[in-house]
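Peer 1: Sequence and predicted structure, then a few things I'm wondering about:
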Amino acid sequence: MKNTGQLSRRQLLGAAGFIGLAALTGCGSGGDGGDGAKDLSKKRDGAMKQYRAGEQFKATEPLSFSVLHNNNPGYPMKGDWLFWKEVTRRTGVTLKATPVPLSDYEKKRSLLIGAGDAPLLIPKTYPGAETAFVSSGAIIPVSDYVDLMPNFQDKVKRWNLQPEVDSLRQSDGRYYLLPGLHEKVKQGYSLSFRTDVLDEHGLSLPTTWDEVYTTFKALKEEYPDRYPFTDRWSTNTPFPAGALFQYLGQAYGVRAGWSYLNTSWDAKAQRFAFTGATDAFRQVVEYLRKLVAEKLMDPESFTQTDDEAVRKLLAEKSFAISANPQELVQNYRYNLEKQVKGATIEMIPVPIGPAGPVVLGGARLENGMMISSKALDGDDFVALMQFVDWLWYSDAGQELCKWGVENTTFTRSGPGKYELKPGISLMGSDPDAPKDLQKDFGFYNGVFAYGGSWALVSSSFSPDEKKFTDAMASREQLPTDPPHPLRAEEQEQATLWDTPLKDHVTQNALQFVLGKRPLSEWDDYVKELKAKNMDRFIDLHNQAYERFKKENA
């Protein structure tokens, strides 16, 4: 990029509430931007004079932007991917990728940003991870510049995503991450059951967690020497049985497992509470304890590898296991059909619990993009923002990133209907195909392909996944937690408390579930959390909430 000096930051206009934040003067209309038009007027090299939602972005002169690339071992980066060539052909922009191994991505990203060596575009960043880089000024407040991103603004408005986007705001009122945007909630995990076994014993697929329990009880009576349920996703994760805790927690209206956060919004009390000490979290633990105590769930579920769990399913030592649609089809069903004559298995919508048919708020935001502050040094800053908007947020850019080039990698059989060209496979869809959409062409790459309309997101679903996600998409979404950004010094203190508290919750949840610690000691466990600064931690967040609410009233 060309260097003309640092662009001054724009100021937020005070307004009542977040949704009503006024659109301020800038290069375009709408957005959170401030008084920055005169600055941006000298940073329009390569930018389109008129760029609107739904239009093809094409730089008016050749440009190149650097990007950090999360290098997935399933489809290692190649310099000759059609993806790179097609992006350049359509936009006039050449992407210069810095590959970083997936296993080391977060650490390497932090080191590069800290050293001032990060590429301009820093994707694959999950909400919350950007906070560590705000105070140093290493990344830009992207909310100041969304007026340059008509596709992003259009989707936020049409899909009513503003409250969820506002949850990303920091203590200065700005947000520093451009999140992936989903039109509808996309759920990925739930229970799966051997339906042929249920049919044999006159049992139906359960729809509630109470019915799950009674189904397991019935299976235990028929097979007293086996565990009806064994589970996976417990190794290489900070929360054993993370998927199970996550979707079970949802039924109780609390974040648990993979989605666990120490803070939970209490809508009745209008304040934050400590998640691991709430009644809802205790009820999740109690439910799992009951399954283990009555030998309805294999206690090794919390320590065994995924392969060990699946082998038990295939050997008919169990009849239920956590699943996602890909594992259901490509692993469980495929291998069961080969090994057990007449075996069938289905994945059910997340069973309903005390919270009702709901999904947790904020679920429509995905990992997204940070932009290095070095981008503001370039004369082509406006073009960079237009390019990001087109590739990551326009319908055409999202289609390209996911499916590739029409009549080269896919054909179109109707609106939202895509068919891979013969000889091309995607995630094992054609094991005999000589080419792979990800490995050989660079499309369907998690660095670029995420979010989008329901039609696009669901266009690659198997029949099982479409049935599951349609059922989940019809459920009510609980409100998103209100913004409560911490100041830099508060964030530093909260970070020191956060990990020890989370570790104590994780370790004791497992001890309670396995019966190694009696649930009668729950109050003692809460006292231990208090000794680890639980109350002071929550007070920080509640003070931040009250302060932010007052400042933006």
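Peer 2: Looks like it came in fine. Residues are numbered from 1 along each chain as shown.

Peer 1: What is the burial count for the residue lying closest to N407 once chain neighbours are set aside?
Peer 2: With sequence-adjacent residues excluded and distances taken as Cβ to Cβ, 6 or more residues apart in numbering, N407 is closest to K421, at 7.7 Å. Every C-beta, even on glycine, is put in place using the N, C-alpha and C of the backbone. Residues lying near K421 (other Cβ atoms under 10 Å) number 16.

Peer 1: Against E465, how distant is K421?
Peer 2: Here K421 is placed at a distance of 22 Å from E465 (Cβ to Cβ, to the nearest Å).

Peer 1: Ranking helices and strands of the chain by mean pLDDT, which lands last?
Peer 2: Least confident helix or strand, the chain: helix 37-40 with a mean of 61, by mean pLDDT, DSSP states H and E.

Peer 1: Can you tell me the element E366 falls in?
Peer 2: For E366, the host element (DSSP states H and E) is strand 365-371.

Peer 1: can you count the residues close to P62?
Peer 2: Neighbours of P62 using other Cβ under 10 Å come to 10.

Peer 1: Skip the chain neighbours and tell me the closest residue to the most centrally placed residue in the chain.
Peer 2: For the chain, the residue sitting closest to the mean C-alpha position, by Cα atoms, centre = their mean, is E366 at 3.9 Å. Excluding the flanking residues, the one nearest E366 by Cβ to Cβ, 6+ apart is G180, at 3.2 Å.

Peer 1: Tell me the secondary structure at that neighbour.
Peer 2: Look at G180: counting by DSSP: H, G, I helix; E, B strand; the rest coil, its state is strand.

Peer 1: Report pLDDT for it.
Peer 2: pLDDT recorded at G180 is 95.

Peer 1: quick one: contacts for it?
Peer 2: Taking Cβ atoms under 8 Å, 6 or more residues apart in numbering as the criterion, G180 is in contact with 365-368, 392, 450-451.

Peer 1: quick one: which of those residues is most hemmed in?
Peer 2: W392 leads these on contacts (other Cβ under 10 Å) with 26 neighbours.

Peer 1: what are the phi and psi values for that one?
Peer 2: Dihedral pair for W392: phi -100, psi -20, per degrees, to the nearest 10.

Peer 1: contacting residues for the closest residue to it other than its chain neighbours?
Peer 2: The shortest distance from W392 to any non-neighbouring residue, by Cβ to Cβ, 6+ apart, is to M369 (6.5 Å). By Cβ under 8 Å, 6+ apart, the residues touching M369 are 121-123, 125, 142, 177-178, 388, 392.

Peer 1: on that earlier part again, ok, which pair from the contacts of G180 is furthest apart?
Peer 2: Spanning the widest gap among those are L365 and W392, at 13.3 Å by Cβ to Cβ.

Peer 1: Show me what the longest helix anywhere in the chain is packed up against.
Peer 2: In the chain, assigned by DSSP state H, the helix with the most residues is helix 488-514. With contacts taken as 3 or more Cβ pairs under 8 Å, 6 or more residues apart in numbering; DSSP states H and E, helix 488-514 sits against helix 279-293, helix 522-531, helix 534-551.

Peer 1: Out of the ones you listed, flag the one nearest A138.
Peer 2: Nearest of the helices and strands packed on helix 488-514 (Cβ to Cβ): helix 534-551, 21.8 Å.

Peer 1: Flag every buried residue along the closest one.
Peer 2: Within helix 534-551, the residues that count as buried by 16 or more other Cβ atoms under 10 Å are 534, 537-538, 540-542, 544-545, 547-548.

Peer 1: Now do the residue nearest to N407 against K466, distance only.
Peer 2: For K421, the distance to K466 (Cβ to Cβ) stands at 22 Å.

Peer 1: Where does pLDDT dip in the stretch 351-500 of the chain?
Peer 2: Applying pLDDT under 70 to the stretch 351-500 of the chain flags the ranges 361-362.

Peer 1: Would you map the helices across it?
Peer 2: Here the stretch 351-500 of the chain has its helices, by DSSP state H, counting those that start in this stretch, at 381-393, 395-403, 454-457, 463-473, 488-514.

Peer 1: Pick the most deeply packed of these.
Peer 2: Highest mean neighbour count among the helices of the stretch 351-500 of the chain (mean count of other Cβ atoms under 10 Å): helix 381-393, with a mean of 26.

Peer 1: Could you check the angle that helix makes with helix 395-403?
Peer 2: With axes from the mean of the first three to the mean of the last three Cα atoms, to 10 degrees applied, the angle from helix 381-393 to helix 395-403 works out at 60 degrees.

Peer 1: quick one, helix 381-393 and strand 365-371 angle?
Peer 2: 160 degrees.

Peer 1: list the contacts for P123?
Peer 2: P123 makes contact with 67-68, 70, 367-370, 392, 447-448 under the criterion Cβ under 8 Å, 6+ apart.

Peer 1: now it, what's its secondary structure?
Peer 2: With three-state DSSP as the basis, P123 sits in strand.

Peer 1: Give me the pLDDT for it.
Peer 2: Confidence at P123, expressed as pLDDT, is 96.

Peer 1: ok, H541 touching T275?
Peer 2: No. Using Cβ atoms under 8 Å, H541 makes no contact with T275, being 11.3 Å away.

Peer 1: anything in contact with each of these two?
Peer 2: The contact sets of H541 and T275 overlap at T263 (Cβ under 8 Å, 6+ apart).

Peer 1: hang on, the earlier thing: which of the contacts of P123 lies closest to L203?
Peer 2: N367 (39.1 Å).

Peer 1: so where's this structure uncertain?
Peer 2: The chain contains residues with pLDDT under 70 at 1-38, 361-362.

Peer 1: rerun at 80
Peer 2: Residue ranges of the chain with pLDDT under 80: 1-39, 186, 236-238, 330, 360-363, 428, 552-553.

Peer 1: surely K421 meets V405?
Peer 2: No. The pair K421 / V405 is not scored as a contact, 9.7 Å apart, by Cβ under 8 Å.

Peer 1: Okay, strands next: where are they in the stretch 51-200 of the chain?
Peer 2: Across the stretch 51-200 of the chain, reading from the start of the chain, the strands by DSSP state E, counting those that start in this stretch fall at 63-71, 93-101, 121-125, 178-181, 190-194.

Peer 1: Those strands into TSV, with extra columns for distance to F512?
Peer 2: Formatted as TSV, the strands of the stretch 51-200 of the chain follow (distance: least, Cβ to Cβ, whole Å):
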stretch	distance to F512
strand 63-71	36
strand 93-101	36
strand 121-125	34
strand 178-181	34
strand 190-194	21
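
Peer 1: And these: which comes nearest D498?
Peer 2: It's strand 121-125; of the strands of the stretch 51-200 of the chain, that one is closest to D498 (Cβ to Cβ) at 18.4 Å.

Peer 1: between the closest one and strand 93-101, how big is the angle?
Peer 2: Using the same axes, to 10 degrees, the direction of strand 121-125 lies 50 degrees away from that of strand 93-101.

Peer 1: What residues sit buried inside strand 121-125?
Peer 2: Under the neighbour-count criterion of 16+ other Cβ under 10 Å, strand 121-125 has 121-125 buried.

Peer 1: got it, and stretch 307-323?
Peer 2: For stretch 307-323, burial by neighbour count (16+ other Cβ under 10 Å) applies to 308-310, 312-314, 318-323.

Peer 1: swap in stretch 89-98?
Peer 2: For stretch 89-98, by 16+ other Cβ under 10 Å, it's 90-93, 95, 97-98.

Peer 1: try stretch 341-353
Peer 2: Using 16+ other Cβ under 10 Å as the test for burial, stretch 341-353 gives 343, 345-353.

Peer 1: out of those, who's nearest W81?
Peer 2: Nearest to W81 among these, counting by Cβ to Cβ, is M347 at 32.8 Å.

Peer 1: Now do the contacts for that closest one.
Peer 2: Counting by Cβ under 8 Å, 6+ apart, M347 has contacts 190-192, 323-325, 328, 464, 468.

Peer 1: Try it again at 6 Å.
Peer 2: Applying Cβ atoms under 6 Å, 6 or more residues apart in numbering, we find M347 in contact with 190, 192, 323, 328, 468.

Peer 1: Repeat that for R194.
Peer 2: Contacts for R194 were tallied using Cβ under 6 Å, 6+ apart; they are 319, 345.
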